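Visitor: Predicted model and sequence follow; I will ask about them next.
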Amino acid sequence: MADIQLAPAPWKLKGRSWSFFVTALSSKSSFPAGWCSAYEAEALSTGGEFIGGLGVVQASSRFQLSVESTHSSILQIISYSESPVGPYDELVYVPGRWKYADEKTAFRITQIYVSSKESTLNGRKNWNIPKRIANFSIKPGSSSGATDISVSLPGASAPFFKASIKPITILSSLSVRASTSLLGSYFGLMQPPLPAGPEPEEIATTQWAALLPVLKGSASFRKLVPELDGKIGDGKGFPAVVPWSVGFTMENLDMDFGVSTTYDTV
């Protein structure tokens, strides 16, 4: 891929994110249709034991982050204004956490779309993140403060993801400075090696990759309204699920993606 800029880790990125949670999955057999691309299903489901989702991240009365025991999967949309490969948009699905032979646990990204080939190739090469290209529409909604988001495959006439994110009266006007670093290693990722995909930028990798991303920003609550027959996805390109209606946005987002630690086996 001589025409695509290589950008080794570490990466520092800036932008804005929207995060929501989906009811927990009980086992690998309950993964919803669209949880990953078909050609990566075997690679992304093997290695370690799937144990479920994350605790809900909440702002405490002392303006710190705390973790509750309720489990869920993660949905995240990020619009990066700055990155080593320029601005791009991203849609992420994380079904939950896996446990490995050393008893350590980590999340695993299984479905992720981005709006640039540079992000796709480098995300796979640097961290085994299974990125693919999609077209994003992120624009102001019809109501005050709303954001309408739709994502579609190149050449497709209809989106596979569509939702409106709206402010919540009073709650959305309150924001706190938040950082995932307050939770230690909780949000660590362990990504399996990837097979090559049908597009040139969907390169293969050969080793496992561990990473601890750090997100910082001003967090406030938001409401999500699904717009594909009451769901956010079409069940093909993205899971046809209904997230919890309340999540949060992070403005003035700073994200650090460091150099991954690689392993031959886990």
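Guide: Done, it's in.

Visitor: List the contacts of the spatially most central residue of the chain.
Guide: Nearest to the geometric centre of the chain sits Val92, at 2.8 Å (C-alpha atoms, centre = their mean). Neighbouring residues of Val92 by C-beta atoms under 8 Å, 6 or more residues apart in numbering: Ile74, Leu75, Gln76, Ile77, Ile78, Ile109, Gln111, Ile112. To be clear about C-beta, it is placed using only N, CA and C from the backbone, and glycine gets the same treatment.

Visitor: now do Tyr263
Guide: Gln207, Trp208, Ala209, Ala210.

Visitor: Give the burial count for the third one, as a bare number.
Guide: Going back to what we said before, that points to Ala209. By other C-beta atoms under 10 Å, the residues close to Ala209 number 23.

Visitor: can you pull up the bridge partners for Asn135?
Guide: Asn135 has the following beta-bridge partners by DSSP bridges: Ser152.

Visitor: Pretty sure it sits against Leu153.
Guide: Yes: between Asn135 and Leu153 there is a contact under C-beta atoms under 8 Å: 7.4 Å.

Visitor: on that earlier part again, quick check: beta-bridge partners of the residue nearest to the centre of the chain?
Guide: Val92 has these beta-bridge partners by DSSP bridges: Gln76, Ile112.

Visitor: tell me the two of the contacts of Tyr263 that are most distant?
Guide: Gln207 and Ala210 (10.1 Å; C-beta to C-beta).

Visitor: follow-up on the earlier one: in the contacts of Tyr263, which residue is surrounded by the most others?
Guide: When neighbours are taken as other C-beta under 10 Å, the top entry among these is Ala209 (23 neighbours).

Visitor: Let me know the average pLDDT across the host helix or strand of it.
Guide: Assigned by DSSP states H and E, Ala209 belongs to strand 208-211. Averaged over strand 208-211, pLDDT sits at 98.

Visitor: and what of stretch 229-247?
Guide: 95.

Visitor: buried ones in that stretch?
Guide: Lys231, Ile232, Gly233, Asp234, Gly235, Gly237, Phe238, Pro239, Ala240, Val241, Pro243, Gly247 (16 or more other C-beta atoms under 10 Å).
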